[in-house]
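Visitor: Attaching a predicted model along with its sequence, questions to come.
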Amino acid sequence: MKTSLVLLSQLNMCESKERTFFKLIHGPGREEATKEAKTRAKEKRSRLSLLMQKAEFHEEPHSLRSGLLARESRVSREEAVKWGESFDKLLSHRDGLDAFTRFLKTEFSEENIEFWKACEDFKKSKEPQQLKLKAKEIYEKFIQNDAPQEVNLDFHTKEVITRSITQPTLQSFDAAENRVYQLMEQDSYTRFLKSDIYLELIEGKPRRPTNLRRRSRSFTYNEFQDVKSDVAIWL
C-alpha cells in the first residue's frame, strides 16, 4: 500500500513538473505572439486614425466654405471683372490677392504667392537689422535647398542670393521675385480666370460643389481591411 502511494505521489509530481515545463516552453511563446499581434493591431489602428484625421483636415468644412462664400459675396461683380484685365490689378486688390491665394492652395502651389508677398514686405524694411532678419527668413523658407516652401528658381539666381544673404540690400530678391511673378502671371493666373473660384464671383452663383483636398480618404480603405483582420485581438 505504501509502495502504491509513493508511486502515485511520484507520478503526480512528474505530471506537475511536465505541466510546469510545458508552460515554460509554450506559455511565453503564445503570450509573446499575442502581445506582438496586439501591438500590430494597435499600430494599424493608429495609422487608420491618423489617415482619417488627415482626410478630415484636408476636407473643406461646410462652415469654412460658407465663410468663404460670405466673404466672396462682398466683392462686387464689377470689381471681380477688373481682376481679369491684368495680373497686376488682381494682386493690387486685397480681395483679389486673397482669392488668388486660395486658388493656388487648391493647386498646392501657394509657395509662389507667399514668396511674392514676403518679398514685397521685405522691400518695406527700413533698418539694417530688420533687413538682415527678413532676408534670412526668406532664404531659409523659400530659397535654400529643401526649404519648407522652396520656389522654382534657376541655379544662377539662387547662387546670387546665397552670396548676398549676409549683406542683403532691398534689391537682393528682385530677380527671384520677378521670375516667380512671371511664372504666376503666365501660368497660374490664366487658370485662375477659368476656375470656379473666379467664375462664381463674376456670375454671382456657385457653379458646382467643391471637392477640394479629399484625396486622403482613398488611402484609408486598405488600412481598414488590415485592421479588421485583427479585430478579435483588440476588441
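Guide: All right, it came through fine. Residues are numbered from 1 along each chain as shown.

Visitor: only C-alpha atoms for contact and neighbour calcs from this point on.
Guide: Will do.

Visitor: Tell me how many other residues surround Glu111.
Guide: Glu111 has 20 neighbours, counted by other Cα atoms under 10 Å.

Visitor: Spit out the contact partners of it.
Guide: Applying Cα atoms under 8 Å, 6 or more residues apart in numbering to Glu111 gives the contacts Phe142, Gln149, Glu150, Val151.

Visitor: In the chain, where is pLDDT below threshold?
Guide: Where the chain drops to pLDDT under 70, the residues are 1-73, 205-235.

Visitor: What residue spans form the domains of it?
Guide: For the chain, automatic domain parsing gives the domain ranges 2-58+219-234, 62-212.

Visitor: Next, count neighbours for the nearest residue to Arg77 once chain neighbours are set aside.
Guide: Closest residue to Arg77 apart from its sequence neighbours, by Cα to Cα, 6 or more residues apart in numbering: Ile202 at 4.9 Å. If you count neighbours by other Cα under 10 Å, Ile202 ends up with 17.

Visitor: Helix or strand next in line after the helix or strand hosting Ala135, which one?
Guide: Using DSSP states H and E, Ala135 maps to helix 128-138. Remark: after helix 128-138, the chain's next helix or strand is helix 155-164, criterion DSSP H and E.

Visitor: I'd guessed Pro168 sits against Lys136; true?
Guide: No: using Cα atoms under 8 Å, Pro168 makes no contact with Lys136, being 9.1 Å away.

Visitor: any idea where the helices of the chain begin and end?
Guide: Counting by DSSP state H, the chain has helices at residues 2-58, 62-73, 77-83, 87-92, 94-106, 111-122, 128-138, 155-164, 174-183, 189-192, 196-203, 220-229, 231-234.

Visitor: buried residues in the fifth one?
Guide: Pointing back at helix 94-106 there. Neighbour-count burial for helix 94-106 flags Asp95, Gly96, Leu97, Ala99, Phe100, Thr101, Phe103, Leu104 (criterion: 16 or more other Cα atoms under 10 Å).

Visitor: before we move on, the earlier item: tell me the contacts of the residue nearest to Arg77?
Guide: Contacts of Ile202 (Cα under 8 Å, 6+ apart): Arg77, Glu78, Ala80, Val81.

Visitor: Most neighbours among these, which one is it?
Guide: In terms of neighbours by other Cα under 10 Å, those top out with Ala80 at 23 neighbours.

Visitor: looking at it, that residue is touching Glu203, isn't it?
Guide: No: under the criterion of Cα under 8 Å, Ala80 makes no contact with Glu203, lying 9.9 Å away.

Visitor: Now for the two: what residues contact both?
Guide: With the criterion set as Cα under 8 Å, 6+ apart, the contacts of Ala80 and Glu203 do not overlap.

Visitor: coming back round to it: who has more neighbours, Pro168 and Lys136?
Guide: More crowded of Pro168 and Lys136, by other Cα under 10 Å: Pro168, with 19 against 16.

Visitor: Contact partners for that one?
Guide: Contacts of Pro168 by Cα under 8 Å, 6+ apart are Leu131, Lys132, Ala135.

Visitor: Now the first one. Nearest residue, chain neighbours left out?
Guide: Closest residue in space to Leu131, ignoring its immediate chain neighbours: Ser125 at 5.7 Å, by Cα to Cα, 6+ apart.

Visitor: Among the contacts of Glu111, which one has the most neighbours?
Guide: Val151 (23 neighbours).

Visitor: ok, now how distant is it from Gln144?
Guide: 9 Å (Cα to Cα, to the nearest Å).
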